[in-house]
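**Q** predicted model, plus sequence, below.
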Amino acid sequence: MTPHLAYKPKNIWEHADAKTRNNMAALAQRYMDFLTRCKTERETVAHVRQRLLDNGYQEDFGTDRVFRCLRGKALFAARRGRVPLDKGLALVAAHADSPRLDFKQRPIVEQACVAQAKTHYYGGIRKYQWLARPLALHGVVVRESGEVLPVVLGEETDEPVFCIADLLPHLAQQQVKQPVSEAFDAEKLNVILAHSCQQKSGDKDEEKETKDPVKTRLLELLHEKYGLTEEDFITAELQAVPVGPARLVGFDGSLVGAYGQDDRICVFTALEAMLEAEAAGRSMALMIWDKEEIGSDGATGASSRFLQYCMEDLVRAWCPGVPPSHVLLESRALSADVNGALDPDYQDVHEKQNAALLGYGPVFCKYTGSRGKYGANDADAEFFGELRGLLNARAIAWQAAELGKVDHGGGGTVALFLAAYGMRVIDLGPSLLSMHSPFELASIADVYATKQAYQAFFEAPVQQN
Ligand SMILES: [Zn+2]
């Protein structure tokens, strides 16, 4: 038989038999459950940590399945493979943070008989998408004593939710003529917290107006219910996120709709892959970082030294005497992050031959960056070729794409921070529609294929030479 001369990526659905479709649906259910529980980096790291503990992972690096958390926001896990560690790791790195609205440190204000929380958005949001929709509060409040009060409020049907009001169309005649970048003011992203005030006592002397009666009542309520004072908000991390569970989308239930799929889709699929993989090749590692959406800085972001410190300790425990730099140089890594799928309604921002399609499997992105590949890792063709062979041998669907037309924007991932160690690294992750929105869409076929691809990577045979 002659080989296929022309290249055409594979639509997973065209080749999926009933059993595969059932497997996809089952994995999608577990994925949705994960998304519903994990809406912040802290919740995600706590969830992954628990799954690792349930699967015999320990904090003692002297064992074969290990993990370490940093500040509840970053997590490194490793599992010993068949091949000694001096052949490097097979590392998959993803990020657990997603765009959202963070409460400011002094959030509470009262205007026009409404108490609101001032916010500072986190990551790349389109501001109008956060208006006039129910929001839940997730995060922590740290009291003066150091006690940490976890907050999840608005997810249960008997709990109140929160909301940012939008301007009525009747009075938006000026606003609708403004460019989108100017029409929505970040200082108007104020979350409504309360509206009632105290009943007046009727006492003539008490008639003098209290300043900010709604805020006063709210502070009383917060104190009665949770023992909070206004100063407690200063040492809090409160995130307003979209309310509600992940849902199947479409008559055929072929898509998952949920907040925070960038990049928890990669956290989930990489974790599933590592837990299920056979320890046949290199030792496996999973790295989960925070702060990717704001540039990867900070102690728990990809530009920190956390991965390096973990590697140094791992090498000391698993192959003493070998320089950690050698292991890093020998390692293979997948920067597991999402790509933008070809949007049916905005096809003109993509260059179609090099755009990702939903249902065609995880997307290799050789380089990210923008305007002449600026800020890109640009993976080497040799490593890409190795992975192509690996996935083809297992008949796992994959595609290659870049994010949008040249000079029409772009984006970055954690790939370049991994590449800084000299390891081989390429971006590989599923494509999404409505990326960075409160309700992102992923194909359940891609969730399945991405997990398969990460598992193949973890199980990849190593040429002993
Ligand atoms: Zn991402």
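**A** Yep, it's here.
**Q** how about stretch 349-359, which residues are buried there?
**A** Residues of stretch 349-359 classed as buried: 350, 355-359 (neighbour count, 16 or more other C-beta atoms under 10 Å). All C-beta atoms are positioned from the backbone trio N, CA, C, and that covers glycine.
**Q** again with stretch 230-244
**A** Buried, per 16+ other C-beta under 10 Å, within stretch 230-244: 232-233, 236-244.
**Q** what do you get for stretch 403-413?
**A** Under 16+ other C-beta under 10 Å, the buried positions of stretch 403-413 are 403-404, 410-413.
**Q** any idea which of those is closest to the ion?
**A** Relative to the ion, the closest of the buried residues of stretch 403-413 is Thr413; by C-beta to the ion it sits at 6.4 Å.
**Q** output the contacting helices and strands for the helix or strand hosting Leu52.
**A** In this structure, Leu52 sits in helix 41-54 according to DSSP states H and E. With contacts taken as 3 or more C-beta pairs under 8 Å, 6 or more residues apart in numbering; DSSP states H and E, helix 41-54 sits against helix 18-37, strand 65-70, strand 74-79, strand 135-142, helix 261-276, strand 283-289.
**Q** can I get the ones you listed in CSV with distance to the ion?
**A** Formatted as CSV, these follow (distance: least, C-beta to the ion, whole Å):
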stretch, distance to the ion
helix 18-37, 14
strand 65-70, 19
strand 74-79, 15
strand 135-142, 19
helix 261-276, 4
strand 283-289, 10
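**Q** could I get those as TSV with mean neighbour count?
**A** As requested, the helices and strands packed on helix 41-54 are exported to TSV (neighbours: other C-beta atoms under 10 Å):
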stretch	mean neighbour count
helix 18-37	16
strand 65-70	20
strand 74-79	25
strand 135-142	20
helix 261-276	26
strand 283-289	27
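**Q** just send the ones you listed back as JSON lines, with mean pLDDT too.
**A** Formatted as JSON lines, those follow (pLDDT from 0 to 100):
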{"stretch": "helix 18-37", "mean pLDDT": "98"}
{"stretch": "strand 65-70", "mean pLDDT": "98"}
{"stretch": "strand 74-79", "mean pLDDT": "98"}
{"stretch": "strand 135-142", "mean pLDDT": "98"}
{"stretch": "helix 261-276", "mean pLDDT": "98"}
{"stretch": "strand 283-289", "mean pLDDT": "98"}
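**Q** and of the ones you listed, who's closest to Arg100?
**A** Proximity to Arg100 (C-beta to C-beta) singles out strand 135-142 among the helices and strands packed on helix 41-54, at 8.5 Å.
**Q** now for the closest one, which elements pack on it?
**A** Checked by 3+ C-beta pairs under 8 Å, 6+ apart, strand 135-142 has helix 41-54, strand 148-153, strand 236-242 packed alongside it.
**Q** of the buried residues of stretch 403-413, which pair is most distant in space?
**A** Checking these with C-beta to C-beta, the most distant pair is Gly404 and Thr413, at 14.3 Å.
**Q** that older thread, could you point out which of the buried residues of stretch 349-359 is nearest to the ion?
**A** Ala356 (13.8 Å).
**Q** bridged to that closest one, which residues?
**A** Ala356 has these beta-bridge partners by DSSP bridges: Ala341.
**Q** residues touching it, list them.
**A** 339-342, 363, 399, 401, 431 (C-beta atoms under 8 Å, 6 or more residues apart in numbering).
**Q** now with 10 Å?
**A** Ala356 sits next to 9, 338-342, 350, 362-365, 399-403, 429-432, 446 when contact means C-beta atoms under 10 Å, 6 or more residues apart in numbering.
**Q** so where do the helices sit in the stretch 251-400 of the chain?
**A** Taking DSSP state H, counting those that start in this stretch as the criterion, the stretch 251-400 of the chain carries its helices at 261-276, 306-318, 324-330, 381-393.
**Q** in the helix holding Leu52, what counts as buried?
**A** Applying 16+ other C-beta under 10 Å to helix 41-54 flags 41-49, 51-52 as buried.
**Q** excluding chain neighbours, what is closest to Asp378?
**A** Leaving aside its sequence neighbours, Asp378 sits nearest to Tyr367 (C-beta to C-beta, 6 or more residues apart in numbering; 4.1 Å).
**Q** so what's the one you found up against?
**A** Contacts for Tyr367 (C-beta under 10 Å, 6+ apart) come out as 373-379, 402-403, 410, 415-416, 426-427.
**Q** kindly provide the distance from it to His4.
**A** 26 Å (C-beta to C-beta, to the nearest Å).
**Q** could you do Lys118 as well?
**A** In this view, Lys118 and His4 are 58 Å apart by C-beta to C-beta.
**Q** and Glu230, by the same measure?
**A** Glu230 sits 67 Å away from His4 when distances are taken as C-beta to C-beta.
**Q** swap in Gln174?
**A** 57 Å.
**Q** do Glu147 as well
**A** Taking C-beta to C-beta, one finds Glu147 at 63 Å from His4.
**Q** now Phe162
**A** Taking C-beta to C-beta, one finds Phe162 at 54 Å from His4.
**Q** same drill for those two, tell me which one is more crowded.
**A** Using other C-beta atoms under 10 Å, the more surrounded residue of Phe162 and His4 is Phe162, with 19 against 7.
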